[in-house]
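> Have a look; sequence and predicted model below, questions after that.
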There are 2 protein chains.
Amino acid sequence: MILALAGGVGGAKLADGLANALGPDELAIAVNTGDDFEHLGLHVSPDLDTVMYTLAGLANPATGWGQSGETWSFMDALKKLGGPDWFRLGDRDLATHVERTRRLADGESLSSVTRLLCEKLGLRSMLLPMSDAPVRTRVRTDEGWLDFQHYFVREQCRPALREVRYDGAESATPSAGLADALAAPTLEGIVICPSNPYLSVSPILALPGVRESIRACGNVVAVSPIVGGEAIKGPAAKIMKELGAEVSALGIARWYTGLVTTLVIDRADEALAPSIEALGLRAVVSETVMRDATDRIRLAGECVALIRAGKT
Amino acid sequence: MILALAGGVGGAKLADGLANALGPDELAIAVNTGDDFEHLGLHVSPDLDTVMYTLAGLANPATGWGQSGETWSFMDALKKLGGPDWFRLGDRDLATHVERTRRLADGESLSSVTRLLCEKLGLRSMLLPMSDAPVRTRVRTDEGWLDFQHYFVREQCRPALREVRYDGAESATPSAGLADALAAPTLEGIVICPSNPYLSVSPILALPGVRESIRACGNVVAVSPIVGGEAIKGPAAKIMKELGAEVSALGIARWYTGLVTTLVIDRADEALAPSIEALGLRAVVSETVMRDATDRIRLAGECVALIRAGKT
């Protein structure tokens, strides 16, 4: 069995490839919930939804969030009523948040609600929220501390980022699904998907015991989200620069040193392979930009092969 | 100044006529909130919304609830997720419930939220929830006690009704707006709109002091919601029969005896006028079925004229 750690768009694509490359019993996908927040009284889980919609074939490829073929009557009406409209919620997407919130209020865990929503949308592979307890990513910027979605969506990542913190992570426990996957005797290895290392992967790593379990697994393949000095999607490059890291696959390698055993980098970054290997990681060159379903499955297959090769 | 008491569809139509016949300072409209309920974690106020949408020109004349030109993506998606779909919430309508719930959770009163929503929708006349405290109409049926919306929408009024109760009414106080209108020295009279007497008007009358204040006003015009032995809309006729009342304008007169001074009945019920007058109410014959905006304004004008005539 393989465990994948995923955040938003890039992570969702590789998770989708893995879900197609592996049987449902061969894969567990743990998803960042540090981006979760309460909005309009609703519990919104942006990364869980991005991965869920992507695996269900409902994702909107143009935006990287929400559903394709969405309608916007709710937002239009909300705006007319003077409600907060900085976080856009499509009419179909809204059903996810309302139903999740309703079930959480009834005492169900986020894991249980996530499993149900995934079943209803026909997913074969299990999505596991990283934790059932609230963990909230907060960022210190030039304009002070901001809740993650205020920084990410409302401010569109404009303020320079100085520090990232995962409130609640220390006292949260990994969800039973994630803990079980990490402890499973059948665990072959772990894939860290090409999500933002600071904002999407590190909240998962900040949960008690997770980093240690991943180290103990010792067979960890990460795919670099930085290609040719740029992020494929999202603010990873801007953030790395602001935090003083080198914006390159080598910068990613440094961030993951001691945790990841193999870093998959893009052909564009082939020249960085020796420097990455000097850090003690194996560097494997591939085509890491996933333009279509075939790319996703191929890259997923390569990660699985690397894990299975690493085991021997 | 005239105070109107209104419930759902019929009441909303006459309230709309009054809003067009009178200046905003000449009219207060108190609306039943006994139908309010929590659904999907949202505070839904069906009668307030029907009156608000009607006065805003947004009401759906075909259904008697919700907005015209509505979209249904949310309900479709919610159904796919296995959420409860017996109470239909359109995408635009949903914005009202979400924004109301958000503001109530922030500590605003229902009166304050209602005022804001009405302003945003461009209403000239004030809508006053009958109370800021929760009052919940419950009905005893052949199948036991049911919450109002479960009876009204989920069961579509099928179980025979035996008893109606307004939970919380005794300890609730009228909203400041309703209390002020009832106590205003400028109050000329009260119009009881052609809403269901048992389900829409009586919850208002059940609030402490309201019935007494209306009696003290002594100039109260009601429009019969029963025409030719039938309700224009809704289950009023079925309910009257099940509760052992005569399904006619005379049955309405009996229900309102001691409270209403003038009952406006339809030309179809002209023959009942002597029996109504024998109860001590003045019976006035008119065309009470409001088919269009002109009908609403004409009937409203007649009610206003009757109040002003009654004053002398």
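It's in. All values reported here derive from a predicted model rather than from experimental measurement. Residues are numbered from 1 along each chain as shown, chains lettered A, B, ... in the order given.
> okay, CA-based contacts and neighbour counts for the rest of this
Fine.
> Now A:Leu5: phi and psi?
Phi and psi for A:Leu5, reported as degrees, to the nearest 10, are phi -110, psi 130.
> did I read that right, A:Pro84 in a strand?
No - A:Pro84 is assigned coil when assessed by DSSP: H, G, I helix; E, B strand; the rest coil, not a strand.
> who's in contact with it?
By C-alpha atoms under 8 Å, 6 or more residues apart in numbering or on different chains, the residues touching A:Pro84 are A:Leu78.
> these two touch, right, A:Asp79 and A:Trp86?
Small correction: residue A:79 is Lys, not Asp. No - the criterion here is C-alpha atoms under 8 Å, and A:Lys79 misses it with A:Trp86 at 9.7 Å.
> So for these two, which sits in the more crowded spot?
Neighbours per residue (other C-alpha atoms under 10 Å in any protein chain shown) separate A:Lys79 from A:Trp86, with A:Lys79 holding more: 16 against 12.
> So the more buried one lies in a strand, does it not?
No - read with three-state DSSP, A:Lys79 is helix and lies in no strand.
> Count the neighbours of whichever residue of the stretch 151-300 of chain A sits closest to chain B for me.
Closest contact between the stretch 151-300 of chain A and chain B, by C-alpha to the nearest C-alpha, is at A:Arg154 (18.7 Å). A:Arg154 has 13 neighbouring residues, counting by other C-alpha under 10 Å.
> and if you look at A:Leu279?
By other C-alpha under 10 Å, 15 other residues sit near A:Leu279.
> Skipping its backbone neighbours, what lies nearest it in space?
Excluding its sequence neighbours, the residue lying closest to A:Leu279 (C-alpha to C-alpha, 6 or more residues apart in numbering or on different chains) is A:Thr257, at 6.9 Å.
> list the contacts for the one you found?
Neighbouring residues of A:Thr257 by C-alpha under 8 Å, 6+ apart: A:Leu279, A:Gly280, A:Leu281.
> Would you tell me which helix is longest in chain A?
Counting residues, the longest helix found in chain A (DSSP state H) is helix A:293-311.
> Quick check: mean pLDDT of it?
Regarding helix A:293-311, the rounded mean pLDDT is 94.
> for stretch A:264-281, same thing?
97.
> And for stretch A:59-67?
Stretch A:59-67 comes out with an average pLDDT of 90.
> Look at A:Val31 and report its pLDDT.
98.
> quick one: it and A:Gly8, what's the gap?
Going from A:Val31 to A:Gly8 by C-alpha to C-alpha, to the nearest Å gives 9 Å.
> okay, these two: which has more neighbours?
Counted by other C-alpha under 10 Å, A:Val31 and A:Gly8 do not tie: A:Val31 has more neighbours, with 31 against 28.
> wait, the more buried one sits on A:Leu127?
Yes - with contact defined as C-alpha under 8 Å, A:Val31 and A:Leu127 form a contacting pair (7.0 Å).
> Need the residues touching each of these two.
With C-alpha under 8 Å, 6+ apart, A:Val31 and A:Leu127 have common neighbours A:Leu48.
> A:Ala237 sits in which helix or strand?
Assigned by DSSP states H and E, A:Ala237 belongs to helix A:236-242.
> hey, C-alpha coordinates of that helix in PDB?
Taking Å, rounded to 0.1, in the frame of the first residue of the first chain, the C-alpha atoms of helix A:236-242 are listed here in PDB:
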ATOM      1  CA  ALA A 236       5.100  28.600  -4.000                       C
ATOM      2  CA  ALA A 237       7.900  30.500  -5.900                       C
ATOM      3  CA  LYS A 238       6.900  33.900  -4.400                       C
ATOM      4  CA  ILE A 239       6.800  32.400  -0.900                       C
ATOM      5  CA  MET A 240      10.100  30.600  -1.200                       C
ATOM      6  CA  LYS A 241      11.800  33.800  -2.300                       C
ATOM      7  CA  GLU A 242      10.200  35.800   0.600                       C
END
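> Get me the contact residues on the stretch 51-200 of chain A for chain B.
Remark: the part of the stretch 51-200 of chain A in contact with chain B comprises A:70-71, A:73-78, A:80-83, A:91-96, A:98-99, A:101-102, A:117, A:120-121, using C-alpha under 8 Å from any C-alpha of the partner chain.
> Give me the buried subset of the residues you listed.
A:70-71, A:73-78, A:81, A:83, A:91-96, A:98-99, A:101-102, A:117, A:121 (16 or more other C-alpha atoms under 10 Å in any protein chain shown).
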